[in-house]
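[1] My questions concern the predicted model and sequence given below.
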Amino acid sequence: MTELNQYVRIGLWGVEYLLPSSASLSIEQRENLILNDEPADTNITAWRAVESERWPALYLNAELELTRGDDWQRAVFLEARPHPIGLIADEVQLLPRTDVHVEPFTPLGPSPTARGHLFSGVWVRGNQLILVFEPNGLISYLQKLSEVENIDQTGRIE
Amino acid sequence: MKPPIQDRIHTLIVPLVNSSLLVPSALIAEVINIAKLIRVPRSEKWMLGLLNWRARPVPVVSFDFLLTSDLHPAGPKSKIVIFYPLPGRKPWDFFGVLTSAEPQPRTFSDAQALSNTVENDNPYAAVTIKLETFVACIPDLDALKAVFYPDNI
């Protein structure tokens, strides 16, 4: 269970991102998810079964493009309507907010989702910059990807 | 007789690959050496990446791409010019422009010295001026604001 005053550090193909833990509904182990046996038919890599619902989870690479692979262990589910949606990650770690100092950042150019930009801040850790997801933008982005029927072999949306 | 000091216009000539910018010095916070940029996924081609400048994240853009749609990598003489936030923007909205060489300060005696304009059809240039052997364009700050922050204008 996450606390409100934490960040979730998410590793995607060697690149780290942060998500405010208030946006994270749950973090699920791979063994608690139902893997998609027919990945060619959909962009969804796994589902979490909750009562009569199935919550989809998508696997993205460091460029936030849809990808495929088996080298992952967890999925972070975000609170969304009509149902939560998950982001599959190579690594997930909870960080106390007191350890993280996030600087505001306005991404340049048009926002890639109907609900705004994907990022709203940056954790400046020494020389390292770690982008902080804007939860509404990320949810909108994942929902849009989950509705796309197919991806090509490079993982880009057609 | 020299014009009064207050009439002088202090600028920086910012070399790009195929042209130059002429920018009032007051818009520029610092000129720095090339440093590592991190990619911002799903951003435009002209958005080169994020720079760690004075412990704050600063987006760096290719003005070359805005002017010509050509993307050029940083060269051995390239610098990054850090601009203050555009008018009306948040106090943290600094941005950087990749140059092809070291920017040069240039002081004009008065506005008359900047009157030798040439035809300009680029939407990101307010005016293009002929200076001795080259032309330089003065960025259109409103146009930059519109392309940088299209959701917030």
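    Yes, it's here.

[2] list the contacts for the closest residue to A:Tyr141 other than its chain neighbours?
    Sequence neighbours aside, A:Thr113 is the residue nearest to A:Tyr141 in space, at 4.8 Å (criterion: C-beta to C-beta, 6 or more residues apart in numbering or on different chains). (C-beta placed from N, C-alpha, C; glycine too.) Taking C-beta atoms under 8 Å, 6 or more residues apart in numbering or on different chains as the criterion, A:Thr113 is in contact with A:137, A:140-141, A:144.

[3] Assess the claim that A:Glu63 and B:Ser43 are in contact.
    No - between A:Glu63 and B:Ser43 there is no contact, the gap being 10.3 Å when judged by C-beta atoms under 8 Å.

[4] From the neighbour counts alone, determine which of those two ranks first.
    Per other C-beta atoms under 10 Å in any protein chain shown, whichever of A:Glu63 and B:Ser43 has more neighbours is B:Ser43, with 21 against 14.

[5] could you pull out the strands for the chain?
    Using chain A. Taking DSSP state E as the test, the strands found in chain A are A:6-12, A:15-20, A:24-29, A:34-35, A:46-50, A:53-59, A:74-78, A:85-89, A:91-96, A:102-104, A:119-125, A:128-133.

[6] meant chain B, my bad for not saying
    Under DSSP E, chain B gives strands at B:9-15, B:20-24, B:28-33, B:37-38, B:47-53, B:56-61, B:79-83, B:95-98, B:104-108, B:117-118, B:125-131, B:134-139.

[7] Deepest-packed of those, please.
    strand B:95-98 (a mean of 25; mean count of other C-beta atoms under 10 Å in any protein chain shown).

[8] Now tell me what touches that one from outside.
    Counting by C-beta under 8 Å, 6+ apart, A:108, B:14, B:21, B:48, B:51, B:53, B:58-64, B:74, B:78-83, B:85-86, B:148 sit against strand B:95-98.

[9] CA atoms of it as CSV?
    Extracted C-alpha coordinates of strand B:95-98, given in CSV (Å, rounded to 0.1, in the frame of the first residue of the first chain):
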residue,chain,number,x,y,z
PHE,B,95,14.8,27.7,-22.3
GLY,B,96,18.0,27.1,-24.2
VAL,B,97,19.0,27.5,-27.9
LEU,B,98,21.7,25.4,-29.4
